[in-house]
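In: Pasting the sequence and the predicted coordinates here, then a few questions.
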Amino acid sequence: MTVGTSKRAAGLDAGASAIAGLDSLELGQARSPGRLARRSWGAVWPKLLAVAIVLAAWELFYLSNFHGDTADHLITGPAAGIANLWDQLTAGQLWQAIGTTVQTAVTGYLLAVVIGSVIGALVSRIPPLRAATGSIISGLQTMPSIAWFPFAIILFGESQSAILFVMVLGAAPSIANGLISGVDYTPPLLLRAGRTMGLSGVALYRYLILPASLPAYVAGMKQGWAFAWRSLMAGELLVLIIGHPSLGVLLDTAQNDQDLTSAISIMIVILAIGIVVDMIFSKADAQVRRRRGLLTDAA
Amino acid sequence: MAGTANGSLSADQAVHAVRAVTGPQDRAAAVTLAEVSKVYGRGPGAVHAVDRLSLTVGTGEFVCLVGASGCGKSTLLSMVAGLDLPTAGTVDTGGRRVAIMFQEPALFPWLTVQKNVELALRARKVAAAERRSRTAGLLGAVHLADFAAKRPHELSGGMRQRVALARALAQDADVLLMDEPFGALDAMTRDLLHDELERIAAERGLTVLFVTHNVREAARLGDRVVVLSSRPGRVIEEYLVPRTGPRRIDSVAVAELASKVTDRLRAEMRRHEPPGQSGRGAAS
């Protein structure tokens, strides 16, 4: 009897260690992530190269005299442009303008996220609503946001509200669509697994459907940001609010003063803000995907 | 097709009736399927996935279902799991808790191994502290204690399937339904998982209904191997396997049973040969 049980225990141990051995063979060797310095250099050099290419193109444009003699006195090279940007950043209204614009951007975008998410959640849950509004949401996305401004200005006057209104109209459909497609593409097998586990109703949404739709939702939010930012820039150029210096107002002033160098400086700032925010979204997107094994480290 | 099916099936039913007498009636029934039919669609295009199928699985019994394509195996498991309702007949699990495992692990990719198992406990409102301790125990049982913090995509196929097994066990089920759970795994991993599953099912006294295409796997694991006909699915043969100690997939007894089951399945497949094609193989 004792012989039998100890034999059985030995068999169990042998099975367990065979399994442990197979597991370690299948997982293979973990790759070392590499030195921090090396990895950060890998991330930085393409961006430095991009800046160098832009500056070189600018210098070439300046030297080529392609623009002819009439505008000659207006064009400056990258050196003068960067000096102008430095002046504006240290002395002018630029920081205040950046503050105003970023504040509007955040407000409008958050509004769009809230409204888009609520619409997306409702539409994905209620089939008749979905049948009725699905094409409206997609249709709204194809409407260029600038075409909304006359409507918005008539409705709200030349005010911040008009700009926020157009931003929400531009961004909310993308966010709603992202959430809806995420819910739609929840793998049916995961739903079956969840239901047999006893998940239903609110718990099914909270623990299964919402996390499953996160990648599509984040992609929708990223696209929504791009629409919101474009709408905001168009809005600031069209809707000039007195005593409220924004990047759009400074750009408009530069245009009126025929000050090409200042215009370029402000465009650089606009570009930089866009790039930084895009990087944040890309990072979040990559993080969500990597955690799910949808993104390999090589990619 | 539907017209001829009834005539040919009455013979099969007779075979089933004979076999049922010799079946293991000594244990209390855990799952009883009585004259269960499942029809998808209506009218002439309707598909009879399962037709008047009767099967009783005793408590603690390990029953393997084998059949060619179209025998309604997955439909059958869905009905036992309560995910699908039969068109006619009754499915009775006596209020037992039923868990199901699929060919794919169906783990939630955004959760760690630990959280995947815990979610099954959370769904039944088990308190947080108890969730943690029970999850640790379950992961230990499937030899994955060291991988609790990993995410599913970081594991091998066999390891994921063991997480799925731990998650199914976390549901405190008396009845474990398995739909070709090891079908996507390599033979070596599968052999080890057979041993694991056999040990765990025995330790916990689980009633297992195991669907597979792999006849050897069925002969290796089952206390009883049930052969199903195709389109519509019905029980046409049952083989009892005496429990005489540990079995190996490469043992003579398993091979003998597997070849008997294979012969029976081939006979069933020949029944589905389209008319006018008989002898074509011999002529060429």
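Out: Noted; the coordinates are in hand. Numbers count the residues shown, from 1 in each chain, chains lettered A, B, ... in the order given.
In: switch to C-alpha atoms for all contacts and neighbour counts from now on
Out: Will do.
In: Determine the number of other residues adjacent to residue 48.
Out: No chain was given, so I picked chain A. 10 (other C-alpha atoms under 10 Å in any protein chain shown).
In: my bad, chain B
Out: For residue B:48, using other C-alpha under 10 Å, the count is 21.
In: Surely it and residue B:42 touch.
Out: No - in this structure, residue B:48 is not within contact of residue B:42 by C-alpha atoms under 8 Å, at 9.9 Å.
In: separation between the spatially closest residue to residue A:204 that is not a sequence neighbour and residue B:127?
Out: Closest residue to residue A:204 apart from its sequence neighbours, by C-alpha to C-alpha, 6 or more residues apart in numbering or on different chains: residue A:194 at 7.2 Å. To residue B:127, residue A:194 is 19 Å away according to C-alpha to C-alpha, to the nearest Å.
In: More neighbours: those two, which one.
Out: Set side by side, residue A:194 and residue B:127 show unequal neighbour counts under other C-alpha under 10 Å, the larger going to residue A:194 at 23 against 10.
In: Enumerate the residues of the stretch 101-250 of chain B near chain A.
Out: B:106-110, B:120, B:123-124, B:143, B:151-156, B:159, B:168, B:171, B:189, B:192, B:195 (C-alpha under 8 Å from any C-alpha of the partner chain).
In: Just the buried ones from the residues you listed, in PyMOL syntax?
Out: In PyMOL, this line selects whichever of those come out buried by 16 or more other C-alpha atoms under 10 Å in any protein chain shown:
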select buried, chain B and resi 106+107+108+109+110+120+123+143+151+152+153+154+155+156+159+168+171+189+192+195
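In: Was I right to think residue B:231 contacts residue B:52?
Out: No - contact criterion C-alpha under 8 Å: residue B:231 and residue B:52 do not qualify, at 11.9 Å.
In: Mind pulling up the pLDDT for the residue nearest the centre of chain A?
Out: For chain A, residue A:222 is the residue whose C-alpha lies nearest the centre (C-alpha atoms, centre = their mean; 3.0 Å). Listed pLDDT for residue A:222 reads 94.
In: One more: residue B:20?
Out: 40.
In: now the helices for the stretch 1-150 of chain B?
Out: For the stretch 1-150 of chain B, the helices defined by DSSP state H, counting those that start in this stretch cover B:2-22, B:73-81, B:113-122, B:128-141.
In: Out of the ones you listed, which gets the lowest mean score?
Out: Lowest mean pLDDT within those: helix B:2-22, at a mean of 39.
In: Next SSE downstream of the worst-scoring helix or strand of chain A on mean pLDDT?
Out: Taking mean pLDDT, DSSP states H and E as the measure, chain A has helix A:2-27 as its least confident helix or strand, at a mean of 67. For helix A:2-27, the following helix or strand on the C-terminal side (DSSP states H and E) is helix A:36-64.
In: And the residue of the stretch 151-284 of chain B that's closest to chain A?
Out: At 5.2 Å from chain A, residue B:153 is the closest residue in the stretch 151-284 of chain B, using C-alpha to the nearest C-alpha.
In: for the residue nearest to that residue when sequence neighbours are not counted, what are its contacts?
Out: Leaving aside its chain neighbours, residue B:153 sits nearest to residue A:293 (5.2 Å; criterion: C-alpha to C-alpha, 6+ apart). By C-alpha atoms under 8 Å, 6 or more residues apart in numbering or on different chains, residue A:293 lies in contact with B:109, B:153-154.
In: Without its sequence neighbours, what residue ends up closest to residue 111?
Out: With no chain named, the answer covers chain A. Counting by C-alpha to C-alpha, 6+ apart, the residue nearest residue A:111 is residue A:168, at 6.6 Å.
In: Actually, chain B is the one I wanted.
Out: residue B:151 (6.3 Å).
In: That neighbour contacts residue B:116, doesn't it?
Out: No - the criterion here is C-alpha under 8 Å, and residue B:151 misses it with residue B:116 at 9.1 Å.
In: Centroid-nearest residue for chain B?
Out: Central residue of chain B (C-alpha atoms, centre = their mean): residue B:210, at 2.1 Å.
In: what sits against residue A:274?
Out: residue A:229.
In: Quick check: the residue nearest to the centre of chain B touching residue B:183?
Out: No - between residue B:210 and residue B:183 there is no contact under C-alpha under 8 Å: 11.6 Å.
In: contacting residues around residue 249?
Out: You didn't say which chain, so I picked chain A. A:236-237, A:240.
In: My question was about chain B, not that one.
Out: Counted by C-alpha under 8 Å, 6+ apart, residue B:249 has contacts B:191, B:216-217, B:219-220, B:255.
In: If we use 6 Å, what do you get?
Out: residue B:220 (C-alpha atoms under 6 Å, 6 or more residues apart in numbering or on different chains).
In: what ranges do the strands span in the stretch 151-284 of chain B?
Out: Taking DSSP state E, counting those that start in this stretch as the criterion, the stretch 151-284 of chain B contains strands spanning B:175-179, B:207-212, B:224-228, B:235-240.
In: ok, which residues in chain A are in contact with chain B?
Out: Within chain A, the positions near chain B by C-alpha under 6 Å from any C-alpha of the partner chain are A:190, A:197-199, A:292-293.
In: Columns secondary structure and pLDDT on top of the residues you listed, output as CSV?
Out: Below are these laid out as CSV (DSSP: H, G, I helix; E, B strand; the rest coil; pLDDT from 0 to 100):
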residue, secondary structure, pLDDT
A:190, helix, 92
A:197, helix, 87
A:198, coil, 85
A:199, coil, 88
A:292, coil, 86
A:293, coil, 82
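In: Kindly reformat these as JSON lines containing distance to residue A:59.
Out: Listed next are the residues of chain A next to chain B as JSON lines, based on distance: C-alpha to C-alpha, whole Å:
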{"residue": "A:190", "distance to residue A:59": "57"}
{"residue": "A:197", "distance to residue A:59": "65"}
{"residue": "A:198", "distance to residue A:59": "66"}
{"residue": "A:199", "distance to residue A:59": "63"}
{"residue": "A:292", "distance to residue A:59": "45"}
{"residue": "A:293", "distance to residue A:59": "44"}
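In: Show me which pair in these is furthest apart.
Out: The most widely separated members of the residues of chain A next to chain B, counting by C-alpha to C-alpha, are A:198 and A:293 (26.1 Å).
In: Surely residue A:112 touches residue A:172?
Out: Yes - using C-alpha atoms under 6 Å, residue A:112 is in contact with residue A:172, at 4.7 Å.
In: between those two, who's got more neighbours?
Out: residue A:172 (34 against 29).
In: And that one, how far from chain B?
Out: 26 Å (C-alpha to the nearest C-alpha, to the nearest Å).
In: For that residue, give me its contacts.
Out: Taking C-alpha under 6 Å, 6+ apart, one finds A:112, A:116 in contact with residue A:172.
In: So it belongs to a helix, correct?
Out: Yes - note on residue A:172: a helix contains this position according to DSSP: H, G, I helix; E, B strand; the rest coil.
In: Now stretch A:182-200: buried residues?
Out: A:182-183, A:186, A:190-200.
In: closest to residue A:88 among those residues?
Out: Looking across the buried residues of stretch A:182-200 and measuring by C-alpha to C-alpha, the closest to residue A:88 is residue A:182, at 44.2 Å.
In: can you confirm the closest one is in a helix?
Out: Yes - under three-state DSSP, residue A:182 sits within a helix.
In: secondary structure class for the closest residue to it other than its chain neighbours?
Out: In this structure, residue A:182 finds its nearest non-sequential neighbour in residue A:213, 3.8 Å apart by C-alpha to C-alpha, 6+ apart. Classification of residue A:213 by three-state DSSP places it in helix.
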